[in-house]
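A.B. asks: Sharing a model that was predicted from the sequence below.
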Amino acid sequence: MATTTAITPVKYWSGGKSPFNVEYGKLMMWYFLMSDAFTFGAFLIAYGTTRFATNGWPNPNEVFSSYPFKPEGSSPAPLIFVSIMTFILIISSVTMVLAVHAGHNMDKKGVVRNLILTILGGLAFLSCQAWEWTHLFHEGAWWGRNPFPNADGTLSTTNFTNFFFTITGFHGFHVFSGVVINIVMLLMTLGNKFEQRGHYLMIEKAGLYWHFVDLVWVFVFTCFYLV
Amino acid sequence: MSNETILQSTIGVTIPSEIDNHEEHVHHHHESFITKYVFSQDHKMIGKQFLITGMFWAVLGGLMSVLFRLQLGYPDSTFPWLEDIIGKWGKGGHISPEAYYALVTTHGTVLVFFVLTAGLSGTFANLLIPLQVGARDMASPFMNMLSYWFFFTASVIMLSSVFVETGPFSGGWTAYPPLSALGSASPGSKTGMDLWIIAMALFVVSSLLGGLNYIVTILNMRTKGMTMTRLPLTIWALFFTAVLGVLSFPVLLSGFILLIFDRNFGTSFYLSDIYVNGVGALPNEGGSAILFQHLFWFLGHPEVYIILLPAMGMVSEILSTNSRKPIFGYMAMVGSLFAIAILAFLVWAHHMFVTGLNPFLGSIFVLLTLLIAVPSAIKVFNWLTTLWRGNIRFTPAMLFAIGFVSLFISGGLTGIWLGNSALDIHLHDTYFVIAHFHIVMGVASMFGMFAGIYHWFPKMYGKYLNNNLGYIHFWLTMIGAYLIFWPMHYEGLAGMPRRYYDIGAWESFKQFADLNRFISTVAMIVFAVQLLFLFNFFYSIFKGRKLTTKNPWNSTTLEWTTPINPGHGNWVGEIPEVHRWAYDYGKDGHDFIQQTTPIGEDESIH
Amino acid sequence: MEQHSATTVLPHGHKPDAAVKEIWKVTGILTVLTLVELGLGFWMMGMQDETTKHFIKGAIIILMLAKAFYIVGYFMHLKHEIRNLIMTICIPLILFAWFIIAFLYEGNSYNNLKNKYNGYYKEHSSQHMEKKEEPKPAETKKPGAKD
């Protein structure tokens, strides 16, 4: 009988164990993230398709050119605020890795400290997004309303704002649920749940989700603000 | 054996949580009615829940088709009783045009998603995966339970849409905008569409929860010795089905989310340059209805394989068991399933050849589409060669399996016609398409489902279904299915369009009036025959002949090593170890050798 | 890579310090990549030449993929998982290739069709649009604007 297992010295596929050397929850999280990648992928591809199917598109550098407490009359500052948001998310990802790492070493204190930092990072990102949305709303942008002309000054469609609010909103929703998950993880850690179980694998799964949120932002950031 | 010690040391983190899981099941004996029959976490019970909900929908969906066939077959007759059952939708004994479109739409949605996706793969993935891979239950029984209850909620919402004042959604099961995006476009586009889209979103969640579970269970929870190449083909098929679902349903979800924004929040993702009678010109600019079609069919095409693959897997298993021969070309079968799964993602736009699709892009889609013929043909020839010179037992399950092969060939061949973009200019949106997809996907998968039910009913309920009723069910359904759908090819070739309320409005299609009446009559008879099956099913649950042996079909696979009525946890004591593949029939003078039998010393190599 | 993954099947296989060091190294790389992206973004702003702009956009997309690689590989730990897992994650993602190509090609083709056959579309999308708010003095200096 032909078996693929004969090739490798360690028989991962022979049954009775995980062929990936991971427990089922982590595998499930990975495949869920694959699925979610297709959700976001479909959004971004739909956005790209619409952009390709439209004459002209607003210039993001004109639209996203403000930041909180920007002095009245100062020159526009594109990319500044969104790069701060990007760094916040990257740093929160780093603290999440550190939390997972502390979990591996059964270092409860480290887990708690880094989880708190991650949650703060997530909240900071959400606040930034809330500010940006409010700012755009006051400029007249919303679903179905687009005050920004195309880069060449021609009449734009509303799809620029439609896609922007939908996709960043969907991402923001993911960040929000990630924050909620992390808060639950924090409470469970503080309640010594993982100490009793003898492992911090749950934190690892929450971490995967959080990094995925960061990953999606890499794509959203590039697609909406840069290109 | 020396390997075992090495393996034990590399397992590391994986073991603790799985052991937790299993022990929980073994000690799970005190069950109330609620935990045993309603919020059950036992995969076998969840499978039955999916099956019975699916059967409910199949009856309802079938009944809907009977009603609209009434209109198509007898456009000039009146049926006063219609007004009694569907009220204003059947005023004067005529089905109203609105009701006709609502029935067609709901029939499609219900049969495709609720019966042939949830009812088919939901049932058999739940029932068979843990039993055939040798696991106590799914990886996450809780998520598995949620999967059913999301499906149930989706069902309730979809059903409720039938009863709202403006009627259920009536723009076709594909829900193309603008009919689906504008409430003012048709009566069904109002509340009916809201409920439709909520139900479908919940359905996507259900299929995601289920699919993740199926994949992880198959990969991670196989019993000792159950390598991937020792898995029965049912499991391979259900595995690829789940992968298709997990990767394609989210794209549909994205499409739906954009649709919801178009419906409720004034966006124009799918809308541009629209004038609605009675409303006037709409301000929406810049969207494209074609975008929705792309997103929809990116799911929609994998969806037809989500429907078909489980049937293929079960048919492979049943053909082999009842031919008393190993399946012919096991690796080719797995490979062709894999090829179909990949190609399923690459061919979606062949549903859209006449939408203004770029012809160059279309030609690539033609090429990719026609490639599907290769793995499909491999499968067909392997089924036929499995039957070839077999010692065939004509059980009802076997008959339905052979019927599946027949239907798959007849329906598949017309797929080669439709896959050509040039021919599609003539054939699109005609009854030829209806005939094609009903035979190859609808009826064939129903046959796979019936085969599976007849074959695994003893495992589900510890009773047999009545064979004679099974034979009547098979022959009448088989003959009826061909009588219904075969003539539609001719109507379609003559250009008769689908989805039309009254075909007789065209002089050129008046010649088909008799044929349409004939088709409608057969459809009603076939529907009545299904009620016979329903009777058989429910009667046999309570009064059927009891099983006296664990392995009624002399089959090799693991599910037949469990007790006749297995409890939650499936095996008493340890899960058996597997020593061979699933198809050792007629080997070395033995009729069959179960997978749990160790390889004998002088056994010939397969 | 196979040898590497065969020896580090477990997270515990790392020396703690080495792991933390790796995290900070990857953080550094991500920061640098983002800064380069931003630099390219700023450089692109005043640019008139469409061809160069396209090349820069391509470069930004490559940098984006590099960032994705580092996040998935190191933060999500995929690079240290065994090869089987890496493959089941990466292979399905190849499906995105045709997904993206077909959709964008079709979008572009749809636009060409509209420009060719829909006179209203072309005329409408070349109309000048007034910005709602009155232009502030600072805004005339906006980089990359219409002129």
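C.D. replies: Sure thing, it's come through.

A.B. asks: where does the chain have low pLDDT?
C.D. replies: Picking chain A for this. Counting by pLDDT under 70, chain A shows low-confidence ranges at A:1-10.

A.B. asks: try again with chain C
C.D. replies: C:1-16, C:131-147.

A.B. asks: swap the cut-off to 50 and go again
C.D. replies: C:1-14, C:134-147 (pLDDT under 50).

A.B. asks: Spell out which parts of it neighbour chain B.
C.D. replies: Applying Cβ under 8 Å from any Cβ of the partner chain, we find that chain C lies next to chain B at C:9-12, C:88, C:92, C:95, C:98-99, C:102-103, C:105-107, C:109-110, C:113, C:120-121, C:124. Using the backbone N, CA and C atoms, a C-beta is placed for each residue, glycine as well.

A.B. asks: Which of those are buried? Put it as a ChimeraX command.
C.D. replies: Command for ChimeraX, covering only those of those found buried under the criterion 16 or more other Cβ atoms under 10 Å in any protein chain shown:
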select /C:9,10,11,88,92,95,99,102,103,105,106,107,109,110,121,124
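
A.B. asks: Are the helix or strand hosting residue A:38 and chain C in contact anywhere?
C.D. replies: Taking DSSP states H and E as the criterion, residue A:38 maps to helix A:24-52. Yes - using Cβ under 8 Å from any Cβ, helix A:24-52 reaches chain C at A:27, A:30, A:34, A:37, A:41, A:45, A:46, A:48, A:49, A:50, A:51, A:52.

A.B. asks: got it, and stretch A:101-119?
C.D. replies: Yes - Stretch A:101-119 is in contact with chain C by Cβ under 8 Å from any Cβ, via A:101, A:104, A:105.

A.B. asks: Include neighbour count, secondary structure and distance to residue B:441 when you put these into a markdown table, please.
C.D. replies: Output for the residues of stretch A:101-119 next to chain C, formatted as a markdown table (neighbours: other Cβ atoms under 10 Å in any protein chain shown; DSSP: H, G, I helix; E, B strand; the rest coil; distance: Cβ to Cβ, whole Å):
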| residue | neighbour count | secondary structure | distance to residue B:441 |
| --- | --- | --- | --- |
| A:101 | 25 | helix | 50 |
| A:104 | 21 | helix | 48 |
| A:105 | 14 | coil | 54 |
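
A.B. asks: Can you lay out those residues as JSON lines showing distance to residue A:121?
C.D. replies: Below are these laid out as JSON lines (distance: Cβ to Cβ, whole Å):
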{"residue": "A:101", "distance to residue A:121": "16"}
{"residue": "A:104", "distance to residue A:121": "21"}
{"residue": "A:105", "distance to residue A:121": "22"}
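
A.B. asks: Kindly indicate which of those residues lies nearest residue B:218.
C.D. replies: The nearest member of the residues of stretch A:101-119 next to chain C to residue B:218, counting by Cβ to Cβ, is residue A:104 at 28.3 Å.

A.B. asks: Next, the contact list for residue 19, please.
C.D. replies: I'll assume chain A. By Cβ atoms under 8 Å, 6 or more residues apart in numbering or on different chains, the contact set of residue A:19 is A:12, A:13, B:219, B:220, B:228, C:84.

A.B. asks: my bad, chain C
C.D. replies: Counting by Cβ under 8 Å, 6+ apart, residue C:19 has contacts residue A:101.

A.B. asks: how close does it get to residue B:542?
C.D. replies: 61 Å (Cβ to Cβ, to the nearest Å).

A.B. asks: And residue A:69, by the same measure?
C.D. replies: In terms of Cβ to Cβ, residue A:69 sits 75 Å off from residue B:542.

A.B. asks: More neighbours: the two, which one.
C.D. replies: residue B:542 (8 against 5; other Cβ atoms under 10 Å in any protein chain shown).

A.B. asks: Within the helices and strands, which one has that one?
C.D. replies: Using DSSP H and E, residue B:542 falls in helix B:513-543.

A.B. asks: can you check residue B:581 too?
C.D. replies: Going by DSSP H and E, residue B:581 is not part of any helix or strand.

A.B. asks: how much space between the spatially closest residue to it that is not a sequence neighbour and residue B:316?
C.D. replies: Among residues not flanking residue B:581 along the chain, residue B:230 sits closest, at 4.6 Å (Cβ to Cβ, 6 or more residues apart in numbering or on different chains). Separation of residue B:230 from residue B:316 (Cβ to Cβ) stands at 15 Å.

A.B. asks: distance of residue B:64 from residue B:293?
C.D. replies: Taking Cβ to Cβ, one finds residue B:64 at 24 Å from residue B:293.

A.B. asks: Quick check: longest helix in chain C by residues?
C.D. replies: helix C:16-45 (DSSP state H).

A.B. asks: in it, what's buried?
C.D. replies: Buried positions in helix C:16-45, judged by neighbour count with 16+ other Cβ under 10 Å: C:19, C:22-23, C:26-27, C:30, C:33-34, C:37-38, C:40-41, C:44-45.

A.B. asks: Which helix or strand lies directly C-terminal to that helix?
C.D. replies: helix C:50-70.

A.B. asks: could you say which helix or strand contains whichever residue of chain C sits closest to chain B?
C.D. replies: Closest approach of chain C to chain B (Cβ to the nearest Cβ) occurs at residue C:109, with a separation of 3.7 Å. Assessed by DSSP H and E, residue C:109 sits inside helix C:95-117.

A.B. asks: Point out the other helices and strands that that helix packs with.
C.D. replies: Applying 3 or more Cβ pairs under 8 Å, 6 or more residues apart in numbering or on different chains; DSSP states H and E, we find helix C:95-117 packed against helix A:24-52, helix B:289-323, helix B:359-371, helix C:119-125.

A.B. asks: which residues touch the residue of chain C closest to chain B?
C.D. replies: When contacts are counted by Cβ under 8 Å, 6+ apart, residue C:109 touches B:357, B:358, B:361.

A.B. asks: On the three-state scheme, the first one is what?
C.D. replies: So the one you mean is residue B:357. Here residue B:357 takes the coil state, with states given by DSSP: H, G, I helix; E, B strand; the rest coil.

A.B. asks: Spatially, which residue comes closest to it, not counting chain neighbours?
C.D. replies: residue B:349 (5.8 Å).

A.B. asks: So the one you found sits against residue B:295, correct?
C.D. replies: No - contact criterion Cβ atoms under 8 Å: residue B:349 and residue B:295 do not qualify, at 11.4 Å.
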